[in-house]
Structures are given as C-alpha cells and as structure tokens.
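Asks: coords please:
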Amino acid sequence: MAAAGPIAADGLNWRWTQEPKNRVSFTVDQRTAAIISGYTEVLTELVRLLVDKGILSKDEIRDTITQVVVRGIEQGAQPGFDEVPIILLRSVDSWKPTPH
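Replies: Numbering: from 1, shown residues only. Here you go, the predicted model:
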C-alpha cells in the first residue's frame, strides 16, 4: 500500500503519494502550481542576473544548488524538495552570456 501525506508550507496545498519503486507522485491545486511557478521564475532571473553581472560563475551557482539539494536530502527533506533546484540547474546549463 502506498504511503501518502500532505505537504504544507506557507499555505501551499500539496499532496504526495509514495508509489512502488521509490516513485512519488504529486497533486497540487492551481494556486499552489502558480506560486511554485512564480518562485521558480523569480529565482531563475535573479540567478541569471548574478551570472550576467559576473558576481557568480555558472560553476559557483551549480555547486551551490547541488550543496542545497544534498543538505536537504541528508536532513530528510520532503519529496519534491529538489524540483526547483533541478529547474534552476537546467536553466543555468542552457544560458548563453548576455552581450553588454
């Protein structure tokens, strides 16, 4: 039987279900999906700005994101904790320098 449980943080409405073979499925309402999308967009643009201005390198961003994910997993983060970091990593890898 699959384990299930709510994830509640800052008024977000998530429900996760542990499935066979260590898979986890998520159900989120529209408001929660919009909030997550907004967080991701803002974080992506802030990180892009730091890279474009030469404040941080892509490697520094990659290392920082990886450290956050590893630390979260070690501390027992809820399923899905790594979703936004993974999106950010994919974004960083696809960026081209902005001409100045």
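Asks: helix or strand: which one has residue 91?
Replies: In this structure, residue 91 is located in helix 83-94 according to DSSP states H and E.
Asks: residue 36 now?
Replies: Assigned by DSSP H and E, residue 36 belongs to helix 30-52.
Asks: follow-up on the earlier one: kindly export the helix holding residue 91 (C-alpha atoms) in CSV.
Replies: C-alpha atoms of helix 83-94 as CSV (Å, rounded to 0.1, in the frame of the first residue of the first chain):
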residue,chain,number,x,y,z
GLU,A,83,12.2,20.2,-8.0
VAL,A,84,13.0,23.9,-8.1
PRO,A,85,16.8,23.4,-7.8
ILE,A,86,16.7,20.9,-10.7
ILE,A,87,14.8,23.5,-12.8
LEU,A,88,17.4,26.1,-11.9
LEU,A,89,20.3,23.7,-12.8
ARG,A,90,18.8,23.1,-16.2
SER,A,91,18.3,26.8,-16.7
VAL,A,92,21.9,27.6,-15.7
ASP,A,93,23.3,25.0,-18.1
SER,A,94,21.3,26.4,-21.0
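Asks: that one versus helix 30-52: what angle between them?
Replies: Between the axes of helix 83-94 and helix 30-52, defined by axes from the mean of the first three to the mean of the last three CA atoms, to 10 degrees, the angle is 40 degrees.
Asks: what packs against helix 83-94?
Replies: In terms of contacts (3 or more CB pairs under 8 Å, 6 or more residues apart in numbering; DSSP states H and E), helix 83-94 is packed against helix 30-52, helix 58-74. Every residue, glycine included, has its C-beta placed from N, CA and C.
Asks: so which of those is nearest residue 87?
Replies: Judged by CB to CB, the one of the helices and strands packed on helix 83-94 that comes nearest to residue 87 is helix 30-52, at 5.4 Å.
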